[in-house]
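Undergrad: let's see this in three dimensions:
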Amino acid sequence: MTDLLARLLRHGYHAVAADRAARGVAESTGDSYVSRLTGRRAVILRGHDGVRLFYDETTIRRKGAIPFPLRGLLFGRGAVHGLDDTDHKVRKAVFLDLLASGRFEPLVRSAGERLARRAGAWGDRPVRLYDELVEVYGRTVLEWGGAAVAPSEARRISRELALIVDGFGGAPRAYSRGWVARARCDRWARRLVEETRDGTRTPPSGSALAVWAATDLPATVAAVELLNVLRPTVAVAWLGAFAGLYLDEAPEWRDRLRTDATTRDHVAFAHEVRRCAPFVPVLAGKVRRPTRHQGVELRKGDRVVLDVWGTDQWAPYWQDPAAFRPSRFLDGDPGPYDFVPQGGGLPTGHRCPGEPLTVSLLAETVRVLAHVDRTVPPAAHDVTLARMPTLPQDGLVLGPR
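TA: You can find the predicted model right below:
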């Protein structure tokens, strides 16, 4: 029987659905089933109860769950993502403090202003929205994070951070480019940490660079965690490109989003972009103590795979899940076990600490793009779900009206 990893490489975001069907698991039999990942027994989880189990730290651990060829590329060696228990909580607390809402608001505001200026200079030329957002987010987070460099260097580093993200889906050329970019970014970030520690560089107090350099982590690990603040911010460019696409698909929302400040409408639109835009297909953990879930036995050492894409498209919870409806989120944010585009659970657990920043940055991007009157080619709406991470065709080329 084909391994789930092979299905992910072949089918992308439809991999779990294809795996479920190939193993003869009917939708009506429950949401959990047994598969294989990298040749080992794996239990697939989906939906509210599956998410709750996946984030039960007494049952599921992260150490060794993601194979190094992926973990090392995307997160870096020694990163918080592979820690558990006290080690994880201590390291995670640094991220939560750095990415608290009051601290990232200047980043969001600056990114919005920079994007508005760039949009005003587009004139009559077509622009690739994804590329524009990579540069805007990258330069802004470098400045905010205390790692400001010359514009040309910021452009290079931003693109390399994006290449790291683009490689996680395993496409051969993208994967190779991602590792080259990872090596360059690791060296660059380590140099910043070492220069800060020896006093030749003085980043602003409280900046990401200053905070990680002040830890007792080895310089290589401090550099990795600095990149784990910068890289995910650049990765919002994937969601921003889809936001531009959905603004074209839902033009009735454009007028209500043309405001001078972000509102609940912008947040709701951002949430629905995150639900509908394919990004993370699955997450992985390992069973630390035996248990049962929906009649399926989880053995110690088994891998568990959370079907992220399937949970956010889960018909029992999301009415008409294929439809783009920001109104789903107008009454408030979903619960920690119902909506998992960046993982689920409580903020102090393994939930992505950058999620509030992502939502705010995407909401601000939506607000700016609502003022931009450009054309979207019809072919852009044909999104390839076999490729991870995917984008609207050509990165969403916006043409003059």
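Undergrad: what ranges do the strands span in the protein?
TA: Here the chain has its strands, by DSSP state E, at 33-37, 40-45, 60-61, 127-128, 282-287, 291-293, 296-298, 303-307, 374-375, 397-400.
Undergrad: partners of the second one, with directions?
TA: Sheet neighbours of strand 40-45, with direction, are listed as strand 33-37 (antiparallel), strand 303-307 (parallel) (DSSP bridges).
Undergrad: what inclination does it have with respect to strand 282-287?
TA: 120 degrees (axes from the mean of the first three to the mean of the last three C-alpha atoms, to 10 degrees).
Undergrad: buried residues in strand 40-45?
TA: 42-45 (16 or more other C-beta atoms under 10 Å). To be clear about C-beta, it is placed using only N, CA and C from the backbone, and glycine gets the same treatment.
Undergrad: before we move on, what about the last one?
TA: Neighbour-count burial for strand 397-400, counted by 16+ other C-beta under 10 Å, picks out 397-398.
Undergrad: Ala21 is nearest to which of the strands paired with strand 40-45?
TA: Among the strands paired with strand 40-45, the nearest to Ala21 by C-beta to C-beta is strand 33-37 (10.9 Å).
Undergrad: adding pLDDT and distance to Asp166, write the buried residues of strand 40-45 out as a markdown table.
TA: Listed next are these as a markdown table, based on pLDDT from 0 to 100; distance: C-beta to C-beta, whole Å:
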| residue | pLDDT | distance to Asp166 |
| --- | --- | --- |
| Ala42 | 97 | 25 |
| Val43 | 97 | 29 |
| Ile44 | 97 | 26 |
| Leu45 | 97 | 27 |
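Undergrad: list the contacts for Arg71?
TA: Contacts of Arg71 were listed using C-beta atoms under 8 Å, 6 or more residues apart in numbering, and they are 79, 81-82.
Undergrad: against which helices or strands is the lengthiest helix in the chain packed?
TA: Counting residues, the longest helix found in the chain (DSSP state H) is helix 219-249. Here helix 219-249 touches helix 85-98, helix 129-144, helix 151-166, helix 172-197, helix 208-213, helix 264-276, helix 355-369, going by 3 or more C-beta pairs under 8 Å, 6 or more residues apart in numbering; DSSP states H and E.
Undergrad: and the ones you listed as a markdown table, adding mean neighbour count and mean pLDDT?
TA: Shown next, in a markdown table, are the helices and strands packed on helix 219-249 (neighbours: other C-beta atoms under 10 Å; pLDDT from 0 to 100):
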| stretch | mean neighbour count | mean pLDDT |
| --- | --- | --- |
| helix 85-98 | 15 | 96 |
| helix 129-144 | 24 | 98 |
| helix 151-166 | 19 | 97 |
| helix 172-197 | 17 | 97 |
| helix 208-213 | 24 | 98 |
| helix 264-276 | 22 | 98 |
| helix 355-369 | 23 | 98 |
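Undergrad: for Lys89, which residues are in contact?
TA: Lys89 neighbours (C-beta under 8 Å, 6+ apart): Thr348.
Undergrad: typo on my end, Ala111
TA: Ala111 sits next to 136-137, 140, 361, 364-365 when contact means C-beta under 8 Å, 6+ apart.
Undergrad: which single one of those residues is nearest to Leu161?
TA: Tyr137 (9.2 Å).
Undergrad: and for the closest residue to Asn228 other than its chain neighbours, the neighbour number?
TA: Of all residues not flanking Asn228 in the chain, Ala79 sits nearest, at 5.8 Å (C-beta to C-beta, 6 or more residues apart in numbering). Neighbours of Ala79 under the rule other C-beta atoms under 10 Å: 17.
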